[in-house]
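Asker: Here is a sequence together with a model predicted from it:
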Amino acid sequence: MHAVIEDIEYLLPERTETSEELARQFPGWSLDKIAERTGVLMRRIAGDDECASDLAVACCERLLARRRECAADFDFLLFCTQTPDYFLPTTACLVQERLGLPTSAGALDINLGCSGYVYALGLAKGLIETGQARRLLLVTADTYSKFVHPGDKSVRALFGDAAAATVISADAGANTIGPFVYGTDGRGAGDLIVPMGGMREPFGDAPPEEYADRFGNRRSARHVRMNGKAIVDFSLREVPQCVATLCERAGITLDDVDAVVPHQASAKVLNGLRNKLGLDESRFWVYMNDIGNTVSCSIPIALARAGEQGRLRDGMRLMLVGFGVGLSWGATLVTWRPSESGD
């Protein structure tokens, strides 16, 4: 038996924030500059009381309703997020209960960001193909906006909130997922980090001191901090090599791939990668201008939106490439053969 992707659904919060609004708040941070650097015109922002689990549950409920399926049909839940509801218990357990998955189902969290969907696909494939699961829900949800200081225009203009749910099941047909390539470089952990809030630097009684960087972006140790140049340099260095390694492992060339679906990082990163890989826009799919960088959700949302536009065809060979916070990266190949009840 092989693991196959049957279907993908996604959900965006109702609240929006446009780049025009940001340009008005930050003199000198023009709409053209925001578009050039981020490629984002609008983002979706979770409500004040809306957590990753809320987005995840609503997304899964939409998926199950559309497919006319029951949560009891699933025997495993993988939940990828870096914005869990609590330190403990595992947010996947909360989602299991709210969705009504059986108590015989496995459920676990994966704390991984921009490469998380690729890593989770690898775990899902292993669970299915070793017989540990028969039908699996792979759910991603992140609310990075809750880490963003309102005075930090650099990340506020980039990150959006979202959830996505993927149905993965066992099938006797051909292998459609893999091989995989993974990479990790913890030396760059500080290049994209929320320094305070864990056990290394827990919250104190008083709020941490706020400061402004040399670009005027305000934040404190409880907010996300990104070294934009380091992230760009890392992406342009490691991702092309990751793509080449995956092609070598699969015994193909990039010409044999119908489309590359990258993590939707930023316009600057994506344009640089597309040029380095020598791909035109028709084979390098970007879907972020109206939702921003949605972290672990960006690849499944891109796949779902491509399906909505009729770009996905049965038998297409797709390369999924995730990269970012960690520093972490991963890539895999997917032959697109959704079930009849899918897209």
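Answerer: Looks like it came in fine.
Asker: going forward, measure contacts between C-alpha atoms and count neighbours the same way
Answerer: Fine.
Asker: what's the neighbour count on the residue lying closest to Gly39 once chain neighbours are set aside?
Answerer: Distances taken as CA to CA, 6 or more residues apart in numbering place Ala267 nearest to Gly39, at 4.5 Å, with adjacent residues excluded. Neighbour count for Ala267, taken as other CA atoms under 10 Å: 21.
Asker: ok, now the one 4 residues further on?
Answerer: Counted with other CA under 10 Å, residues neighbouring Asn271 total 16.
Asker: any idea how far the residue nearest to Asp75 when sequence neighbours are not counted lies from Leu88?
Answerer: Spatial nearest neighbour of Asp75, chain neighbours left out: Ala105 (4.3 Å); criterion: CA to CA, 6+ apart. Per CA to CA, to the nearest Å, Ala105 is found 19 Å from Leu88.
Asker: Give the residue from these two that has the larger number of neighbours.
Answerer: Ala105 (17 against 8).
Asker: Phe74 is in contact with that one, correct?
Answerer: Yes: look at Ala105 against Phe74 with CA atoms under 8 Å: they come within range, at 7.2 Å.
Asker: for the residue nearest to Asp75, what are its contacts?
Answerer: Residues in contact with Ala105 (CA atoms under 8 Å, 6 or more residues apart in numbering) are Phe74, Asp75, Phe76, Leu77.
Asker: The last one: which element?
Answerer: Element membership of Leu77 [criterion: DSSP states H and E] is strand 76-80.
Asker: again with Val243
Answerer: Secondary structure (DSSP H and E) places Val243 in helix 228-250.
Asker: picking that back up, in ChimeraX, select just the buried ones from the contacts of Ala105.
Answerer: To isolate the buried subset of those in ChimeraX, counting by 16 or more other CA atoms under 10 Å, use the following:
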select :74,75,76,77
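Asker: how about TSV for the contacts of Ala105, with distance to Arg15 added?
Answerer: Below are those laid out as TSV (distance: CA to CA, whole Å):
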residue	distance to Arg15
Phe74	31
Asp75	33
Phe76	31
Leu77	27
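Asker: closest to Gln241 among the contacts of Ala105?
Answerer: Among those, Leu77 lies closest to Gln241 (CA to CA), at 31.7 Å.
Asker: Would you mind listing the residues in contact with that closest one?
Answerer: Ala92, Gln96, Ala105, Gly106, Ala107, Leu108, Leu136, Leu137, Leu138, Val139.
Asker: in this structure, which residue is closest to the centre?
Answerer: Geometric centre of the chain, nearest residue: Ser296, 1.7 Å, by CA atoms, centre = their mean.
Asker: Surely that residue is within a strand?
Answerer: No: counting by DSSP: H, G, I helix; E, B strand; the rest coil, Ser296 is not part of a strand but helix.
Asker: Going along the chain, name the helices of this protein.
Answerer: 19-25, 31-38, 52-67, 91-99, 116-129, 153-156, 228-250, 267-277, 298-308 (DSSP state H).
Asker: which residues touch stretch 119-136?
Answerer: By CA under 8 Å, 6+ apart, stretch 119-136 touches 1-3, 73-78, 80, 110, 138, 167-170, 177-178, 180, 182, 330.
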